[in-house]
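1. Need the 3D shape of this:
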Amino acid sequence: MRYNPRVSAHTVNEVINMTNQNYANHCIICNVTSCRNHHRDKNYCSLESIRVGTHETDPSQKQCTDCQSFVPCTAQ
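-> Residues are numbered from 1 along each chain as shown. Next up, the predicted model:
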């Protein structure tokens, strides 16, 4: 999945700057350790909220949904 700034109110750099990997949002469980927003030591997201979307026109399975707040750890 490629980050699309049109689907978010924030740019990639804004999301990176807002991320505090010491903060664990216990409402968003996440085990995607390759995401810049993943908590350093726990399986939680470090964002206050995320955007969930789809890459399908008519999603029918959970595999059809995407975390559109995902930012690769290597993003600058």
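2. Could you tell me how far the most far-flung residue of the chain relative to its centre is located from Asp66?
-> Computed with Cα atoms, centre = their mean, the residue of the chain farthest from its C-alpha average is Asp58, at 21.8 Å. Plainly put, Asp58 is 15 Å away from Asp66 if you go by Cβ to Cβ, to the nearest Å. (C-beta placed from N, C-alpha, C; glycine too.)
3. out of everything not next to it in sequence, what's closest to Arg40?
-> When the adjacent residues along the chain are set aside, Arg40 lies closest to Gln21, with 4.6 Å between them (Cβ to Cβ, 6 or more residues apart in numbering).
4. Surely that neighbour and His39 touch.
-> Yes - with contact defined as Cβ atoms under 8 Å, Gln21 counts as touching His39 (5.9 Å).
5. Give the intersection of the neighbour lists for those two.
-> With Cβ atoms under 8 Å, 6 or more residues apart in numbering applied, the overlap between the contact sets of Gln21 and His39 consists of Ser46.
6. Please say which of those two ends up with more neighbours.
-> Taking Gln21 and His39 together and counting by other Cβ atoms under 10 Å, His39 has the greater number of neighbours (22 against 13).
7. okay, now the residue nearest to that one when sequence neighbours are not counted: neighbour count?
-> Once flanking residues are discounted, His39 sits nearest to Ala24: 4.5 Å by Cβ to Cβ, 6+ apart. Ala24 sits with 19 neighbouring residues when counted by other Cβ under 10 Å.
8. So for Ala24, what's the pLDDT?
-> In this prediction, Ala24 carries a pLDDT score of 93.
9. got it, and Pro59?
-> With respect to pLDDT, Pro59 has a value of 92.
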